[in-house]
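Peer 1: Need coordinates for the below:
(one chain, ligands or ions: 1)
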Amino acid sequence: MTAAGAGGRRFCVAPMLDCTDRHFRYFARRLSRHAWLYTEMVPAQGLLRADPRRWLAHDPDEHPVALQLGGSDPDALAEAAALGEAAGFAEINLNVGCPSDRVQAGRFGACLMAEPERVAECVAAMTARVRVPVTVKCRIGIDRRDRYEDLLRFVRTVADGGCRTFIVHARKAWLQGLSPKQNRTLPPLRHARVARLKRELPRLEIILNGGLRDLQAARAWLDRVDGVMLGRAVAEAPWLLARVDPLFHGRPAPVASRHEALAAYLPYAQAQVAAGVPPRRVLRPLIGLFQGLPGARAWRGWITRAPDLDRLLDRAPPEEAAAGGCKRLAQGRN
Ligand SMILES: Cc1cc2nc3c(=O)[nH]c(=O)nc-3n(C[C@H](O)[C@H](O)[C@H](O)COP(=O)(O)O)c2cc1C
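Peer 2: Residues are numbered from 1 along each chain as shown. Next comes the predicted model:
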């Protein structure tokens with residue numbers, strides 16, 4: 001595999017609880033045909049305990065989508081992975097990066113970085129059950145186990161279990177004393193460590209995550225890693241996804257303006273609301289759509305407080321200033 005990436009995961013949208021739900025993913029897909037999307041983390045035990053169809057529900061038009069699982073029991077993870085594959089997910093990803101107390105109490109997430117052999121066992125059990133790739137999302141370290149050599153040993157051990165793709169959040173996590181939010185901002189970013197991992201383990205696919213906000217700068221990393229994953233930048237301003245297909249895949253953007261994206265989303269939103277989903281829920285992915293343009297704040301307020309689908313297109317702020325840029329994007333020149 002080349003450092004420029006074999007393709008699918010050149011640009012990924014990070015799994016984010018309370019954000020990358022099915023509605024967000026459906027909207028994201030209106031903006032980019034090729035971005036690789038992830039679900040929110042689904043605990044394997046929860047999935048197996050109660051109504052898997054509800055946990056796994058999504059629209060075929062969201063694809064390609066990876067299902068992210070949380071867990072540390074190889075049998076449960078294998079069972080959950082099989083359900084995910086049967087539901088149509090293109091990849092099963094194991095969360096080894098979340099430091100929340102709740103996740104630690106279940107003995108999964110970032111604390112598993114201290115147990116590479118167990119992670120390898122989980123990966124081996126999952127790969128034995130599914131044909132889609134099983135991947136791991138991890139940190140560069142936890143607590144005092146934060147030397148590059150610790151990361152290398154973790155990745156080598158898990159690769160022996162059958163994992164070829166690692167998404168690495170380039171920050172360590174402190175398991176005690178920091179909230180998950182602080183663990184996404186306070187530990188320093190060490191992107192170069194992730195690039196070194198790729199250099200030293202060139203046969204693995206290595207995806208860089210953490211603190212990437214600018215698409216051009218993220219694209220430049222493809223000289224040194226196989227792909228990049230962006231989380232908050234996309235959640236806060238999803239319109240940046242409209243530049244992904246031209247910039248990362250050499251393909252035209254699927255829509256030329258935010259208004260076109262809204263029009264493309266509207267029939268889906270109407271169908272979801274008719275099926276009983278609250279409008280606020282369906283429209284949540286649109287909150288940051290006009291970020292940076294005049295009228296963005298009023299739009300955010302309207303969506304958050306009392307959105308009305310029938311007025312969606314009328315309430316959208318004008319975007320003349322962006323139109324020239326959008327045309328350029330649609331032609332793949334940006
Ligand atoms: C609101 C929110 C929820 C998150 N939920 C998850 C999750 O379910 N699974 C996971 O692996 N990471 C989760 N993360 C971490 C992101 O996937 C990502 O690793 C992190 O935000 C760093 O990337 P960024 O700087 O591009 O946002 C979450 C992050 C945020 C902001």
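
Peer 1: For the residue nearest to Asp146 when sequence neighbours are not counted, the count of nearby residues, please.
Peer 2: Leaving aside its sequence neighbours, Asp146 sits nearest to Lys172 (C-beta to C-beta, 6 or more residues apart in numbering; 4.6 Å). C-beta coordinates here come from the backbone N, C-alpha and C atoms, glycine included. For Lys172, the neighbour count with other C-beta atoms under 10 Å is 25.

Peer 1: Relative to Ala14, how far out is the closest residue to the ligand within the stretch 201-334 of the chain?
Peer 2: Using C-beta to the nearest ligand atom, the single residue of the stretch 201-334 of the chain nearest to the ligand is Gly231, 2.8 Å away. Distance, Gly231 to Ala14, by C-beta to C-beta, to the nearest Å: 3 Å.

Peer 1: give me the element Ile207 is part of.
Peer 2: Using DSSP states H and E, Ile207 falls within strand 205-209.

Peer 1: cool, and Ala124?
Peer 2: Ala124 belongs to helix 116-129, assigned by DSSP H and E.

Peer 1: before we move on, back to that, could you pull out the buried residues of whichever helix or strand comes after the strand holding Ile207?
Peer 2: Next along the chain after strand 205-209, taking DSSP H and E as the criterion, comes helix 215-220. Within helix 215-220, the residues scored as buried using 16 or more other C-beta atoms under 10 Å are 215, 218-219.

Peer 1: Any idea how many residues pack against Ala35?
Peer 2: Ala35, neighbours per other C-beta under 10 Å, totals 24.

Peer 1: Verify the stated contact: it with Gly8.
Peer 2: No: Ala35 is beyond contact range of Gly8, at 9.9 Å (criterion: C-beta atoms under 8 Å).

Peer 1: Okay, now stretch 239-257: how far is its last residue from its first?
Peer 2: End-to-end distance for stretch 239-257, by C-alpha to C-alpha, to the nearest Å: 9 Å.

Peer 1: any weak-confidence spans in this structure?
Peer 2: Flagging of the chain using pLDDT under 70 yields the residue ranges 1-6, 321-334.

Peer 1: quick one: the strands in it?
Peer 2: Assigned by DSSP state E, the strands in the chain fall at 11-13, 37-43, 65-70, 91-96, 134-142, 165-173, 205-209, 227-230.

Peer 1: which outside residues touch stretch 100-119?
Peer 2: Residues outside stretch 100-119 that contact it (C-beta atoms under 8 Å, 6 or more residues apart in numbering) are 43, 45, 70-72, 94-99, 136, 138-139, 141-142, 145, 150, 153-154, 157-158, 161, 173, 175, 180.

Peer 1: Also stretch 120-130?
Peer 2: Everything outside stretch 120-130 that qualifies as a contact, by C-beta under 8 Å, 6+ apart, is 71-75, 77-79, 81-82, 84-85, 92, 94, 134, 136, 157-158, 160-163.

Peer 1: again with stretch 206-217
Peer 2: The contact list for stretch 206-217, computed with C-beta under 8 Å, 6+ apart, reads 9, 12, 14, 137, 165-171, 189, 191, 194-195, 197-198, 218, 221, 225-233, 240, 243-244, 247.

Peer 1: hmm, which of those are the buried ones?
Peer 2: Taking 16+ other C-beta under 10 Å as the criterion, what is buried in those is 9, 12, 14, 137, 165-171, 191, 194-195, 197-198, 218, 221, 225-233, 240, 243-244, 247.

Peer 1: so how many other residues sit close to the spatially closest residue to Pro133 that is not a sequence neighbour?
Peer 2: With sequence-adjacent residues excluded and distances taken as C-beta to C-beta, 6+ apart, Pro133 is closest to Glu91, at 5.0 Å. Neighbour count of Glu91, defined by other C-beta under 10 Å: 23.

Peer 1: show me what contacts Glu91?
Peer 2: Glu91 sits next to 36, 64, 66-67, 132-135, 165 when contact means C-beta under 8 Å, 6+ apart.

Peer 1: same check, this time on Trp299
Peer 2: Neighbours of Trp299 in contact, by C-beta under 8 Å, 6+ apart: 287, 289-290, 315-317.

Peer 1: what do you get for Cys12?
Peer 2: When contacts are counted by C-beta under 8 Å, 6+ apart, Cys12 touches 35-38, 167, 207, 209, 227-230.

Peer 1: likewise His259?
Peer 2: 313, 316, 319.

Peer 1: let's see 6 Å
Peer 2: By C-beta atoms under 6 Å, 6 or more residues apart in numbering, His259 lies in contact with Ala316.
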